[in-house]
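[1] Sequence isn't available, so here's the structure alone:
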C-alpha cells in the first residue's frame, strides 16, 4: 500500500491539514501506529493516544482538536467509515486461487462457471451449480444440488448440505454448516424419541455473511430463510424454518428456535435467546444476554429475560440497585411513625 494524503483525502472526501504529499505505506491502530502509517480517531476514549501516537497521519473528525503540529491530518465526517473505504480499496484481502485444484472431487454432473475457483480437497456433488467468480476454499463439502451464486467466498472446512441455495456475494467463514438437520423428534408410545425427517432446505439471499461455527438448520418442510444483506456473527444457532428479514444483525452466541420470524433491520446482540414460533417486528433491537419469550410487535429497544422495553428495564434496574437505601429509608420512616404514634398515645 502506497498513497499520498491528498489521494486518500480525495478518495474519502476529506480535507488535509499538513503535508498533502506525505506518503503513507500502511494502516494501524492509533496506539500501535509507526512512522509512515495512517491511523484514525473517532471515539473519545482514544483521544489521549493522539499525544503519543507514532503515526505520520490521522483520520480525524471535526469534534477533535488537531493538537500536534508534527503530524498531518485528514479531517472527515466519520473517520471509521473513511478508514473502511481505504481498506476496501487498498488493502482488501486477496484470496489467490484460480481454476480447480487437482485434489478436488467434482462430480461430472455439475455446472461450474469458468471463472469460479475450487481449492484443495473440495467435494462438489452431483447437481451442484457454482456461479461466476465464486471461490470455494479447501476441504469444503457441497452436497447434492447445492446452488451457489456469483462472487461468493466460501472459506475452508464449510459444509453446505443438499438442496441449499446460496445467493450472490455471500461470504461463509470456516467451520460453518448450512443445512444441518433441524432438531425434530416425536415421542412414541414407549417414550422414545423418533427422528422426524427434515426434508426442506436453507436459502441465503444475496449479500449475506455468516461467521465461523454458525449452524443453520434446514427446514422440516419449505425453507429456513436468511434474507438479503443479513450478517450473522460467529457461534450462532438458527433452527429449522426460521426466517430472518433483510439487513438484520445476529451477534455471537445467539440462538433462535424453530419457526420464529425476525423482521427487517433487527439486531440481536450477543447471547440473545429467542423461543420458537414467535415474531419480531421490523427495527427491533434486543440487547445482550436477553431472553425473548413472546412476540414483539413494535419497533424499539428491548432488554432482559423476559424482555421488556429498554427504558422500563433500566428504571427497574435502577430501583433494584437502590433497594438497600430504600430499605434504610423505610426503616427510619417506620421508627418515626412509631415515635409519633407513641407521643400521640401519651397525649390522649
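    Great, that's in hand. As the structure is a prediction and not an experimental result, all values here were calculated from the model.
[2] hey, let's count contacts and neighbours off CA atoms from now on
    Noted.
[3] Burial check on the residue lying closest to residue 300 once chain neighbours are set aside, number of neighbours?
    Using Cα to Cα, 6 or more residues apart in numbering and skipping the chain neighbours, the partner closest in space to residue 300 is residue 284 (5.0 Å). Residues within reach of residue 284, counting by other Cα atoms under 10 Å, total 22.
[4] And residue 129, by the same measure?
    For residue 129, the tally of surrounding residues (other Cα under 10 Å) stands at 21.
[5] just checking, residue 135 touches residue 117?
    Yes. Counting by Cα atoms under 8 Å, residue 117 is a contact partner of residue 135 at 4.8 Å.
[6] quick revisit: ok, the residue nearest to residue 300 touching residue 267?
    Yes. Residue 284 lies in contact with residue 267 (Cα under 8 Å); the separation is 6.5 Å.
[7] all helices in the stretch 51-200 of the chain, in order from the N-terminus.
    With DSSP state H, counting those that start in this stretch applied, the stretch 51-200 of the chain shows helices at 79-90, listed in chain order.
[8] any weak-confidence spans in it?
    Across the stretch 51-200 of the chain, not a single residue meets the criterion (pLDDT under 70).
[9] rerun at 80
    Applying pLDDT under 80 to the stretch 51-200 of the chain picks out residues 92-94.
[10] hang on, the earlier thing: mind listing the shared neighbours of residue 135 and residue 117?
    Common contacts of residue 135 and residue 117 (Cα atoms under 8 Å, 6 or more residues apart in numbering): residue 97.
[11] who's more crowded, these two?
    Under the criterion of other Cα under 10 Å, the comparison of residue 135 against residue 117 puts residue 135 first, with 27 against 22.
[12] Enumerate every residue touching the more buried one.
    With contact set as Cα under 8 Å, 6+ apart, residue 135 has these partners: 97, 116, 117, 118, 119, 151, 152, 153, 154.
[13] and it, how far is that from residue 91?
    Distance of residue 135 to residue 91, given as Cα to Cα, to the nearest Å: 19 Å.
[14] backbone phi and psi for the residue nearest to residue 300, please?
    Here is the backbone geometry of residue 284 (degrees, to the nearest 10): phi -100, psi 130.
[15] do the one 5 residues further on as well
    Torsion angles at residue 289 (phi, psi; degrees, to the nearest 10) stand at phi 60, psi 30.
[16] roughly how far apart are it and residue 265?
    Separation of residue 289 from residue 265 (Cα to Cα): 19 Å.
[17] Please apply the same query to residue 81.
    Taken as Cα to Cα, the span from residue 81 to residue 265 is 19 Å.
[18] what does residue 293 give?
    20 Å.
[19] The two: who's more crowded?
    More neighbours surround residue 265 than the other of residue 293 and residue 265, with 19 against 15 (other Cα under 10 Å).
[20] Which pLDDT does the model give that one?
    With respect to pLDDT, residue 265 scores 98.
[21] How about the secondary structure of it?
    State at residue 265, reduced to three classes by DSSP: H, G, I helix; E, B strand; the rest coil: coil.
[22] thought it was touching residue 248?
    Yes. Between residue 265 and residue 248 there is a contact at 4.3 Å, judged by Cα under 8 Å.
[23] residues near residue 56, how many?
    Neighbour count for residue 56, taken as other Cα under 10 Å: 19.
[24] Please report phi then psi for it.
    Here is the backbone geometry of residue 56 (degrees, to the nearest 10): phi -90, psi -20.
[25] what about it, distance to residue 21?
    Distance from residue 56 to residue 21, by Cα to Cα: 12 Å.
[26] try residue 340
    Remark: distance between residue 340 and residue 21 (Cα to Cα) = 82 Å.
[27] And residue 28, by the same measure?
    20 Å.
[28] Kindly report the same for residue 225.
    Distance from residue 225 to residue 21, counting by Cα to Cα: 50 Å.
[29] ok, now residue 55?
    Per Cα to Cα, residue 55 is found 16 Å from residue 21.
[30] ok, residues contacting the helix ranked longest in the chain?
    Counting residues, the longest helix in the chain under DSSP state H turns out to be helix 323-346. Residues outside helix 323-346 that contact it (Cα under 8 Å, 6+ apart): none are found.
[31] Just give me how far it sits from the chain centre.
    Between the centre of helix 323-346 and the centre of its chain there are 53 Å (Cα atoms, centre = their mean, to the nearest Å).
[32] ok, what's across the strand from residue 171?
    In this entry, residue 171 is beta-bridged to residue 153, residue 209, by DSSP bridges.
[33] give the contact list for it.
    152, 153, 154, 155, 207, 208, 209, 210.
[34] Using JSON lines, please lay out those residues together with distance to residue 176 and neighbour count.
    Below are the contacts of residue 171 laid out as JSON lines (distance: Cα to Cα, whole Å; neighbours: other Cα atoms under 10 Å):
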{"residue": "152", "distance to residue 176": "15", "neighbour count": "26"}
{"residue": "153", "distance to residue 176": "13", "neighbour count": "21"}
{"residue": "154", "distance to residue 176": "10", "neighbour count": "24"}
{"residue": "155", "distance to residue 176": "9", "neighbour count": "21"}
{"residue": "207", "distance to residue 176": "17", "neighbour count": "20"}
{"residue": "208", "distance to residue 176": "14", "neighbour count": "24"}
{"residue": "209", "distance to residue 176": "11", "neighbour count": "23"}
{"residue": "210", "distance to residue 176": "8", "neighbour count": "26"}
